[in-house]
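Visitor: model this:
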Amino acid sequence: MSLIKVFYKTGEVFTDLGASAWVLPLVALVVVGSLISGLSIVVVGWGPVTDTARVLDSRASQFDAQRLRVLILAGALLKLVFLAVAVAFAALVVYFLVWVFVVQASYSKILAVCLYAVYMRSVFDFSVMLISALYCWILGLPVVASNAARMNMGALIDGFWERGYTYEVARSLDVLTIGAILIAAFGLSKAIPRLALQSAAVMLFLLWVAWALVRMKFRAPL
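Guide: Below is the predicted model of the structure:
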């Protein structure tokens with residue numbers, strides 16, 4: 001199965017992509033994303049939601065804990081939809097750039113490569129979350145943000161670099177994201193033989209930087 005094979009025979013999977021190869025990683029991405037959301041709720045629990053409802057006690061009839069739970073679940077669902085749309089749009093931009101500067105390529109193959117890269121990132125993300133939760137559970141530590149490992153580049157320059165565009169871009173580049181960019185670049189070089197690995201990596205990195213700057217401009221959380 002290609003969803004498992006992609007982890008140990010990545011080049012072979014990306015070389016043999018068909019016209020509908022994007023469907024399987026899309027479905028898998030939704031499943032893994034749902035597992036991540038479910039794990040977050042199970043590990044953290046509904047305590048913070050209940051506490052928030054108590055703070056808003058004066059408006060409890062309009063904004064109680066149950067409604068907050070529904071909003072959290074709806075937000076998780078919308079996040080998955082947004083992720084799928086964002087990947088499709090990113091694949092469209094890559095398709096346009098490849099078509100202009102390299103060669104006419106198949107959009108479905110580019111979309112499949114991008115979805116596989118994001119799917120692999122999500123699997124590693126879920127694994128890290130699960131291991132962290134088990135670690136905290138074994139040691140009796142609360143699972144909060146302060147106990148989470150900082151894996152983004154911002155952790156290396158925090159305190160040494162003034163907050164700004166460079167800092168925000170660095171903060172958006174965590175270990176898993178860098179890995180996903182490299183996997184996508186490798187996949188594009190396999191799916192499009194005329195596209196060099198270095199060119200694909202630079203193109204994807206610049207697209208990510210542009211995306212990070214846009215998110216910062218509109219003050220969206222990275």
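Visitor: any chance you could map the strands in the chain?
Guide: When assigned using DSSP state E, the chain turns out to have no strands.
Visitor: how about the nearest residue to residue 113, chain neighbours excluded?
Guide: Nearest residue to residue 113 in three dimensions, chain neighbours excluded: residue 187, at 3.7 Å (Cβ to Cβ, 6 or more residues apart in numbering). All C-beta spots, glycine's among them, are computed from the backbone N, C-alpha and C.
Visitor: Do a quick rundown of the helices in this protein.
Guide: 2-5, 10-15, 23-44, 47-55, 65-101, 107-139, 154-157, 165-172, 175-191, 197-217 (DSSP state H).
Visitor: Please identify the deepest-packed of those.
Guide: Here the criterion is mean neighbour count by mean count of other Cβ atoms under 10 Å, and of the helices of the chain the winner is helix 175-191, at a mean of 21.
Visitor: quick check: angle from it to helix 107-139?
Guide: 150 degrees (axes from the mean of the first three to the mean of the last three Cα atoms, to 10 degrees).
Visitor: I figured the residue nearest to residue 113 hits residue 117, correct?
Guide: Yes: using Cβ atoms under 8 Å, residue 187 is in contact with residue 117, at 6.4 Å.
Visitor: Could you identify which of the helices of the chain has the lowest mean pLDDT?
Guide: Considering those one by one, the lowest average pLDDT is found for helix 47-55, at a mean of 47.
Visitor: what's near enough to touch the residue nearest to residue 113?
Guide: By Cβ atoms under 8 Å, 6 or more residues apart in numbering, the contact list for residue 187 reads 10, 14, 113, 116, 117.
Visitor: Who are the contact partners of the first one?
Guide: With Cβ under 8 Å, 6+ apart as the criterion, the residues that contact residue 10 are 183, 186, 187.
Visitor: can I assume residue 216 is in contact with residue 168?
Guide: Yes: counting by Cβ under 8 Å, residue 216 touches residue 168, with 4.6 Å between them.
Visitor: about what we covered before: just put the contacts of residue 187 in CSV and tack on distance to residue 92.
Guide: Compiled in CSV, the contacts of residue 187 are given as follows (distance: Cβ to Cβ, whole Å):
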residue, distance to residue 92
10, 23
14, 19
113, 13
116, 17
117, 15
